[in-house]
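Colleague: return a 3D structure for these sequence lines:
(2 chains)
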Protein chains: 2
Amino acid sequence: MLDDRAHDTLFRNARTHNGWLAKPVADDQLRAIYDLMKWGPTSVNSSPARLVFVRTQEGKEKLRPALSPGNVDKTMSAPVTVIVAYDTRFYEHLPRLFPHNQAAMGLFSGPDKMPFAQATAFRNGSLQGAYLIVAARMLGLDIGAMSGFDNANVDKAFFPDGRFKSNFLCNIGYGDPAKLFNRSPRLSFEEACTIA
Amino acid sequence: MLDDRAHDTLFRNARTHNGWLAKPVADDQLRAIYDLMKWGPTSVNSSPARLVFVRTQEGKEKLRPALSPGNVDKTMSAPVTVIVAYDTRFYEHLPRLFPHNQAAMGLFSGPDKMPFAQATAFRNGSLQGAYLIVAARMLGLDIGAMSGFDNANVDKAFFPDGRFKSNFLCNIGYGDPAKLFNRSPRLSFEEACTIA
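Modeller: Alright, predicted model coming up:
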């Protein structure tokens, strides 16, 4: 069981950031995020998430036209913006990733399995996006995740062969507490949960 | 920044469990899971996840016919099985959940917005499912998440009015280390990530 400090760092005091301090993020920190998040569970260890850590001026300019107006400034100024994407043909890796069952690939490959494969990639790629958020916070970084962008535009710019699809974006850096919004309320246990 | 013990507890040593020790999980622990996970970020604070913590014999029997054969024994013996679902009309709560922008509900309501609302609920409900997994582990519990079940069957049994949709299931308890599988490999940073 982890202590109150961990609860605060990952959930209770963690906030979505909109402004960034002038403090760089090193490539080694991005590798450290991946080396934690990769262990999070996914269906048949499918691990469909693919990440593009956009940190160069050139990369940021490729992203800019896809961003909703309200997301431009914070994204262009963030030390890193990660495109959380997923591999639509993730199942090709299953013979290695899920050695317990060499038939697992067959659950997903073929045109008739495409809707199931797509739902699996989207669900589990999203889980992995959440593991990324938690892992970054564990490493002392702040994040600001965003759905406000044109997915088709990002896919065309970064994944022209069509195999990977963007899911959401996430700015990574050291947040400026002066630019936080007031915290929004959450649903109560009684509103969101039942015990059956 | 959290220490090695936190990294191990949440990711590096955390495993998907298939067997459960005869050690109960209290309702207060389920509330504590929710009280952490609810703070995880979602798009416009949409918080679409809805949870049914199934712990009674009657509840488990409602779940049984929907389970894939390989998931029956571990689910019937788990102290709690949570149905991670999402609210297809999550946006009705946005005037309260996202007070910054009273127009946010309009992004999702109406028949023409249904595909966008559905994708938002599925993406963000999945993120919240991952927060649940992390929160349970923070509280010293073990989990075993599963997609191997018939969603339509679960929805009919637990959500007959059609508003909530099941996403995935997750057993919660104290795992039996003797019943773990060997750990499967993960993709390397170079296979899953690029820096642009």
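Colleague: drop to CA atoms for contacts and neighbour counts, all remaining ones
Modeller: Noted.
Colleague: contacting residues for the closest residue to A:Arg137 other than its chain neighbours?
Modeller: In space, and not counting its chain neighbours, A:Arg137 is closest to A:Leu10: 5.9 Å by Cα to Cα, 6 or more residues apart in numbering or on different chains. Applying Cα atoms under 8 Å, 6 or more residues apart in numbering or on different chains to A:Leu10 gives the contacts A:134, A:137-138.
Colleague: what do you get for A:Asp142?
Modeller: A:14-17, A:136, A:172-175.
Colleague: for it, give the beta-bridge partners.
Modeller: When assigned by DSSP bridges, A:Asp142 has beta-bridge partners A:Gly173.
Colleague: any idea which residue is closest to the centre of chain A?
Modeller: A:Gly129 (2.8 Å; Cα atoms, centre = their mean).
Colleague: contacts for the host helix or strand of it, please.
Modeller: In the assignment (DSSP states H and E), A:Gly129 maps to helix A:114-138. For helix A:114-138, the surrounding residues in contact (Cα under 8 Å, 6+ apart) are A:9-10, A:14, A:33-34, A:36-38, A:40, A:42-43, A:46-50, A:84-88, A:90, A:108-109, A:142-143, A:167, A:172, B:1-2, B:7, B:122-124, B:126-131.
Colleague: cutoff 6 Å now
Modeller: A:10, A:33, A:37, A:42, A:48-49, A:86, A:108, B:1-2, B:123, B:126-127, B:130 (Cα atoms under 6 Å, 6 or more residues apart in numbering or on different chains).
Colleague: show me which positions of the lowest-mean-pLDDT helix or strand in chain A end up buried.
Modeller: Least confident helix or strand, chain A: helix A:4-7 with a mean of 94, by mean pLDDT, DSSP states H and E. Within helix A:4-7, the residues scored as buried using 16 or more other Cα atoms under 10 Å in any protein chain shown are A:6-7.
Colleague: what does stretch A:46-65 give?
Modeller: A:46-55, A:59-60, A:63-64.
Colleague: among those, which ones lie close to chain B?
Modeller: A:50-54, A:59 (Cα under 6 Å from any Cα of the partner chain).
Colleague: which pair in those residues spans the largest distance?
Modeller: A:Arg50 and A:Gly59 (16.4 Å; Cα to Cα).
Colleague: can you redo the contacts of A:Asp142 as JSON lines with pLDDT?
Modeller: Listed next are those as JSON lines, based on pLDDT from 0 to 100:
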{"residue": "A:Ala14", "pLDDT": "96"}
{"residue": "A:Arg15", "pLDDT": "97"}
{"residue": "A:Thr16", "pLDDT": "97"}
{"residue": "A:His17", "pLDDT": "97"}
{"residue": "A:Ala136", "pLDDT": "98"}
{"residue": "A:Ile172", "pLDDT": "98"}
{"residue": "A:Gly173", "pLDDT": "98"}
{"residue": "A:Tyr174", "pLDDT": "98"}
{"residue": "A:Gly175", "pLDDT": "98"}
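Colleague: pick the one among these closest to B:Leu21.
Modeller: A:Ala136 (32.2 Å).
Colleague: gap between the closest one and A:Gln118?
Modeller: Using Cα to Cα, to the nearest Å, we find A:Ala136 at a distance of 27 Å from A:Gln118.
Colleague: show me where chain A has its helices.
Modeller: Assigned by DSSP state H, the helices in chain A fall at A:4-7, A:27-37, A:57-63, A:72-77, A:94-97, A:114-138, A:151-158, A:189-192.
Colleague: any chance of CSV for those helices, columns distance to B:Gly148?
Modeller: Putting these into CSV (distance: least, Cα to Cα, whole Å) gives the following:
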stretch, distance to B:Gly148
helix A:4-7, 31
helix A:27-37, 23
helix A:57-63, 37
helix A:72-77, 38
helix A:94-97, 16
helix A:114-138, 11
helix A:151-158, 29
helix A:189-192, 24
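Colleague: so of those helices, which one's packed in deepest?
Modeller: Each of the helices of chain A was scored by mean neighbour count; the highest is helix A:114-138, a mean of 24, by mean count of other Cα atoms under 10 Å in any protein chain shown.
Colleague: distance between that one and the chain's centre?
Modeller: Relative to its chain's centre, helix A:114-138 lies at 7 Å (Cα atoms, centre = their mean, to the nearest Å).
Colleague: the inter-axis angle of it versus helix B:114-138?
Modeller: 50 degrees (axes from the mean of the first three to the mean of the last three Cα atoms, to 10 degrees).
Colleague: can you list the residues of chain A near chain B?
Modeller: A:1-2, A:11, A:36, A:39-40, A:50-54, A:59, A:97, A:123, A:126-127, A:130, A:138-140, A:185, A:192-196.
Colleague: run a quick neighbour tally on A:Tyr174.
Modeller: 20 (other Cα atoms under 10 Å in any protein chain shown).
Colleague: contacts only, for it.
Modeller: Counted by Cα under 6 Å, 6+ apart, A:Tyr174 has contacts A:20-21, A:141-142.
Colleague: can you give me the distance of it to B:Thr81?
Modeller: In terms of Cα to Cα, A:Tyr174 sits 37 Å off from B:Thr81.
Colleague: cool, A:Asp3 as well?
Modeller: For A:Asp3 relative to B:Thr81 (Cα to Cα), the value is 25 Å.
Colleague: repeat for A:Tyr86
Modeller: In terms of Cα to Cα, A:Tyr86 sits 28 Å off from B:Thr81.
Colleague: can you give me the neighbour number for A:Asp3?
Modeller: By other Cα under 10 Å, neighbour count at A:Asp3 equals 10.
Colleague: over to A:Phe181?
Modeller: 12.
Colleague: list the contacts for it?
Modeller: No contacts exist for A:Phe181 under Cα under 6 Å, 6+ apart.
Colleague: need the per-residue pLDDT for it.
Modeller: At A:Phe181, the model reports a pLDDT of 89.
Colleague: against B:Met37, how distant is the nearest residue in space to A:Ala14 that is not next to it in sequence?
Modeller: Take A:Ala14 and drop its neighbours on the chain: the residue closest to it by Cα to Cα, 6+ apart is A:Asp8, 6.7 Å away. Going from A:Asp8 to B:Met37 by Cα to Cα gives 11 Å.
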